[in-house]
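A.B. asks: test case, fold it:
(2 chains)
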There are 2 protein chains.
Amino acid sequence: MLTVKNWPPKGGVINVGGGVFAEAMKEQGAEVYEVKWQPPAHGKVELIDILDKLQGRDDIDEANQKAIERFSSAKPVLIDIGIAREVVPGFDDRMLLHAGPPITWDKMSGPLRGAVIGAILYEGWADSPEEAEEIASKGDIQYSPCHEHSAVGPMAGVVSPRMPVFILENTTHGNRSYCTLNEGLGKVLRYGAYSDEVLDRLRWMETVLAPIVKEAIELSGGIDLTSMIAQALHMGDEVHNRNRAGTSLLIRALVPYLIQVDYPQADIKRCLEFINSNDHFFLNLSMPAVKAMLEAAHGVPKSSIVTIMARNGTEFGIKVSGLGNQWFTGPAQIVKGLYFPGRSEEDGNPDIGDSAITETSGVGGFAMADAIPIVQFVGGTPEDAIRFSEKMYSITTTESKHFNIPILNFRGTPTGIDIRKVVETGILPQINTGIAHKDPGVGQVGAGLVNPPWECFEKAIVAFGKKYANGS
Amino acid sequence: MLTVKNWPPKGGVINVGGGVFAEAMKEQGAEVYEVKWQPPAHGKVELIDILDKLQGRDDIDEANQKAIERFSSAKPVLIDIGIAREVVPGFDDRMLLHAGPPITWDKMSGPLRGAVIGAILYEGWADSPEEAEEIASKGDIQYSPCHEHSAVGPMAGVVSPRMPVFILENTTHGNRSYCTLNEGLGKVLRYGAYSDEVLDRLRWMETVLAPIVKEAIELSGGIDLTSMIAQALHMGDEVHNRNRAGTSLLIRALVPYLIQVDYPQADIKRCLEFINSNDHFFLNLSMPAVKAMLEAAHGVPKSSIVTIMARNGTEFGIKVSGLGNQWFTGPAQIVKGLYFPGRSEEDGNPDIGDSAITETSGVGGFAMADAIPIVQFVGGTPEDAIRFSEKMYSITTTESKHFNIPILNFRGTPTGIDIRKVVETGILPQINTGIAHKDPGVGQVGAGLVNPPWECFEKAIVAFGKKYANGS
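C.D. replies: Next up, the predicted model:
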């Protein structure tokens, strides 16, 4: 199953597994090639059996090419802003959307609960956090994943009916995607904070920011996000945790129209200052942009490509193009990273948010070699950042046509995670992410690096095997 | 003189000079360490004698530290826009400033002549290019280098009395620097074009753009350029031939004030679109910013640090901190690069412009490892870009405190070119640059890589030796 070309190198000693032997050989002056070896499929015989039936299959490879072709030809364009309940498909009056796979109140982590409480207060369904919590817990609210409504939300990812959302259209295939507007840093709903400051900001965003930006978008005739992301990747962003360039380019695209909108100058100025003060503003556009691309790639029979990776703070879930609407889940992992002063891993909530849609599409952690300065924010070294990107080619199908990595000789970003490759190599997708405090109402405590749990891919390959191992 | 520590590596074979021996050794399986050796000071005995008296001199090292300290503590801030004849020191009525060292009409290359003709027409001193050329050639105009007026100009660098200029102040030491506003791409005066289109644009810049941007700068209270350059270097710029990030950050800094200025909305919109459409707009701020820093470092007795590198299209000139106002010149070199379709090296004028002030300060070509995508514009590979930056540490005194290179583990950019090191190693500063057509009136034909001529450094070390070889 594992073919290794030109190996072993002539005249050297190959050391597999442990390090002591290698050290001893090095001391004797021998050239030692170290290989971090682990058995395919974690050595599980039943998975190896499944993989054997799925490898080298032209029909699966062709399905994956079809999915990639749909992904690559998608053209996400920012076309409008609308009110969630009016524009997001399948939105009900007493519904809240959230990040990650489906979850019930009793399983929700602190930051997601905090964001739900905040959204209930914002909607006016309750007058106090206590009342909101009671409503939230007694089955009165319908919870639904953003991803089941063509939407994505960073961190808690809560979208309530009256929230304004960006509307993107994939002009090639016609599908649309949605995301709220980024609230900025500090105490914000997406990190589970719900103080008056948070709710006042959400109301201002609804009544001032959204209408003004909406008019500017309309005047602009739509903003091509593929080109903007491609440029941002050449300007130090990986468009997940570094969005300074994307935000700058968005401002450049909007400003000639922003100054023309029919609103008081003081309001326009405040909008500009708000966007300007938040280098993550573009995240809420990079996410739905790649969501629109990946949604176009979803639903191709026999395709083993991952189209969603998302976390609700308790569980991590993935979907696979050829496996319909089934989620494959495992426990959300603890993020290893850099914590703000006075904070530590003990404060951190497990991995949360739909923002891993960026990695699913081949940017974010997969494009960390485009964003070397990010290691000062999420940890690691410049070499790590390059290594992460390089490693992801082992589990992906192709290289992006649109997004590339100058330092790797302009190689296209690693694109189209294949569950077969993940299970065979045991290499998990590399995600970088913000870290929320585990308690409701607190906010961000750091940023770091994390992987999905292995279980998601094990469950997915089993389901894929069940459906496709025998050829149809 | 050349001390090499830990050399040779144990057990290896050292190959100096030719490559055939190395290849042969490699074929026999030996470890070969190749050294591109060239004799110090190009093997010239008289230069080696001078160097011997200048090396290991505490007084010179201390002078250089003092110059570096002044450079590093400088804080260039964009404070205003003014009219050249009113604000640039030493400006006379019939004077034109130009890039590079002093030059007379008869020695001027095509693009500089073109820009002079254009400036004469713009000033209304002549009604036709023919008349302008006559005035230009008959000694009626006083030509003076920008650098002798604390100014810098990209390419031809022509500044005429009524042109608006950015005013920067080094708030630490109080010195000011000046630069015109960037005209954009295509047919522009700085590349020697002088058609009506060029002159109309200059008039619009004088009457609309400059007053509007001036008012925005005043409202902003001043813009800190050290921080902006430091950020831009982490966003794919080297602030010489890539200024997309710097331009974006400048727009972000100006826009909240631009929308408040007391001018018609249509004019403000056109200004925004003009800046927005020109990713080199920031060049005319990065240049005077580092000029203000380097001017603070000039004039330190016994300092062998280069404070100016500039080209007028015919000659390349440098100045050295401890050598007063003397220029050391040599012939401007042909630029090796990527030419626009239909253009070739035959069309290109020799190296021109004050923009090598960026390299003098340790950015531009010295920070190419910050701007890997630039190789698609100036030629070379990503490895070349990194190698250029690494090589420059051999001829510089220190690493920048403000500007760094993430891919080199956030190492400070190579800062403070020491003429002793250039002459000893024979390594010339690495410059990247735009290429002007050699004829007046045409414009840009490409971009590429170039070095100063060796003569500048040879002349400078001789003068330095004459002044300081005997200790004072």
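
A.B. asks: A:F166: which element?
C.D. replies: If you go by DSSP states H and E, A:F166 is part of strand A:164-170.

A.B. asks: so how far is the next helix or strand after that strand from its chain's centroid?
C.D. replies: The helix or strand immediately downstream of strand A:164-170 is strand A:176-180, counting by DSSP H and E. Offset of strand A:176-180 from its chain centre (Cα atoms, centre = their mean, to the nearest Å): 14 Å.

A.B. asks: I'd like the next helix or strand past strand A:176-180.
C.D. replies: helix A:196-204.

A.B. asks: quick one: mean pLDDT over the next helix-or-strand element following that next one.
C.D. replies: Past helix A:196-204, further along toward the C-terminus, the next helix or strand under DSSP H and E is helix A:210-220. Taken as a whole, helix A:210-220 carries a mean pLDDT of 98.

A.B. asks: re earlier: what angle sits between the strand holding A:F166 and helix A:196-204?
C.D. replies: Relative orientation of strand A:164-170 versus helix A:196-204 (axes from the mean of the first three to the mean of the last three Cα atoms, to 10 degrees): 50 degrees.

A.B. asks: thinking A:P161 is in contact with A:V87, fair?
C.D. replies: No - contact criterion Cβ atoms under 8 Å: A:P161 and A:V87 do not qualify, at 10.7 Å. Every residue, glycine included, has its C-beta placed from N, CA and C.

A.B. asks: buried sites along the lengthiest strand in chain A?
C.D. replies: Scanning chain A for the strand with the most residues, using DSSP state E, yields strand A:396-405. Using 16 or more other Cβ atoms under 10 Å in any protein chain shown as the test for burial, strand A:396-405 gives A:396-400, A:402-405.

A.B. asks: mind listing the strands it pairs with, and their directions?
C.D. replies: strand A:411-417 (antiparallel) (DSSP bridges).

A.B. asks: what's the burial count for A:Y339?
C.D. replies: 19 (other Cβ atoms under 10 Å in any protein chain shown).

A.B. asks: near chain B, which residues of chain A show up?
C.D. replies: A:231, A:234-236, A:244-245, A:248-249, A:251-252, A:255-256, A:258-260, A:265, A:268-269, A:272-273, A:276, A:372-373, A:375-376, A:381-382, A:406-410 (Cβ under 8 Å from any Cβ of the partner chain).

A.B. asks: got the domain boundaries for chain A?
C.D. replies: A:1-37, A:45-71+A:297-468, A:76-287 (automatic domain parsing).

A.B. asks: would CSV of those with distance to B:E345 be doable?
C.D. replies: Below are the domains of chain A laid out as CSV (distance: least, Cβ to Cβ, whole Å):
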stretch, distance to B:E345
domain A:1-37, 41
domain A:45-71+A:297-468, 25
domain A:76-287, 27
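
A.B. asks: of all these, which one is nearest B:E148?
C.D. replies: B:E148 lies closest to domain A:76-287 among those, at 36.1 Å (Cβ to Cβ).

A.B. asks: between the two ends of the closest one, how far is it?
C.D. replies: End-to-end distance for domain A:76-287, by Cα to Cα, to the nearest Å: 11 Å.

A.B. asks: how far off centre is it?
C.D. replies: The answer for domain A:76-287 is 15 Å, by Cα atoms, centre = their mean.

A.B. asks: list the contacts of A:E215.
C.D. replies: Counting by Cβ atoms under 8 Å, 6 or more residues apart in numbering or on different chains, A:E215 makes contact with A:257, A:261-263.

A.B. asks: return the member of the residues you listed nearest to chain B.
C.D. replies: If you rank these by distance to chain B using Cβ to the nearest Cβ, A:Y257 comes first, at 8.9 Å.

A.B. asks: wait, the closest one touches A:L219, no?
C.D. replies: Yes - A:Y257 is within contact range of A:L219, at 3.9 Å (criterion: Cβ under 8 Å).

A.B. asks: between those two, which one's more packed in?
C.D. replies: A:Y257 (19 against 14).

A.B. asks: ok, back up a step: can you select the buried ones among the residues of chain A next to chain B for me in ChimeraX?
C.D. replies: Of the residues of chain A next to chain B, the buried ones go into a single ChimeraX selection, burial set by 16+ other Cβ under 10 Å:
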select /A:231,234,235,236,244,245,248,249,251,252,255,256,258,259,260,268,269,272,276,372,373,375,382,406,407,408
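
A.B. asks: just the ones of the residues of chain A next to chain B in helices?
C.D. replies: Those of the residues of chain A next to chain B mapping onto helices are A:231, A:244-245, A:248-249, A:251-252, A:255-256, A:258, A:265, A:268-269, A:272-273, A:276, A:375-376, A:382, per DSSP state H.

A.B. asks: how about the residue of the stretch 151-300 of chain A found nearest chain B, what does it touch?
C.D. replies: Of all residues in the stretch 151-300 of chain A, A:S248 sits closest to chain B, at 3.6 Å by Cβ to the nearest Cβ. If a contact means Cβ under 8 Å, 6+ apart, then A:S248 has A:235, B:235, B:245, B:248-249, B:251-252 as its contacts.

A.B. asks: now pLDDT and distance to A:I141 too, for those, in TSV please.
C.D. replies: Shown next, in TSV, are those (pLDDT from 0 to 100; distance: Cβ to Cβ, whole Å):
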residue	pLDDT	distance to A:I141
A:M235	98	41
B:M235	98	42
B:A245	98	44
B:S248	98	42
B:L249	98	43
B:I251	97	43
B:R252	97	39
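
A.B. asks: quick check: the gap between A:G299 and A:T307.
C.D. replies: 8 Å (Cβ to Cβ, to the nearest Å).

A.B. asks: neighbour count for these two, which is higher?
C.D. replies: The neighbour count for A:G299 versus A:T307, taken as other Cβ under 10 Å, is higher for A:T307 (28 against 16).

A.B. asks: how about the secondary structure of that one?
C.D. replies: strand (DSSP: H, G, I helix; E, B strand; the rest coil).

A.B. asks: what sits against it?
C.D. replies: A:T307 neighbours (Cβ under 8 Å, 6+ apart): A:67, A:294-295, A:297-298, A:319-321, A:360.

A.B. asks: let's go with 10 Å and repeat that
C.D. replies: A:67, A:71, A:147, A:291, A:293-300, A:318-323, A:357, A:360-361, A:416-417 (Cβ atoms under 10 Å, 6 or more residues apart in numbering or on different chains).

A.B. asks: now do A:R411
C.D. replies: A:369, A:389-390, A:393, A:399-400, A:404-405.

A.B. asks: report the beta-bridge partners for it.
C.D. replies: A:I405.

A.B. asks: hang on, the earlier thing: just the buried residues out of the contacts of A:E215, in ChimeraX syntax.
C.D. replies: Of the contacts of A:E215, the buried ones can be selected in ChimeraX as follows, counting by 16+ other Cβ under 10 Å:
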select /A:257,261
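
A.B. asks: of the contacts of A:E215, closest to B:A156?
C.D. replies: A:Y257 (35.5 Å).

A.B. asks: list the contacts for the closest one?
C.D. replies: Here A:Y257 is in contact with A:213, A:215-221, A:223, B:269, B:272 (Cβ under 10 Å, 6+ apart).

A.B. asks: tell me the spacing between it and B:W204.
C.D. replies: A:Y257 is 22 Å from B:W204, by Cβ to Cβ.

A.B. asks: where do the strands sit along the stretch 1-150 of chain A?
C.D. replies: A:13-16, A:32-35, A:76-83, A:95-98, A:142-145 (DSSP state E, counting those that start in this stretch).

A.B. asks: now the last one: average pLDDT?
C.D. replies: Along strand A:142-145, the predicted confidence averages to a pLDDT of 98.

A.B. asks: over to the longest one?
C.D. replies: If you average the pLDDT over strand A:76-83, you get 98.

A.B. asks: and that strand, which residues are buried?
C.D. replies: Using 16+ other Cβ under 10 Å as the test for burial, strand A:76-83 gives A:76-82.
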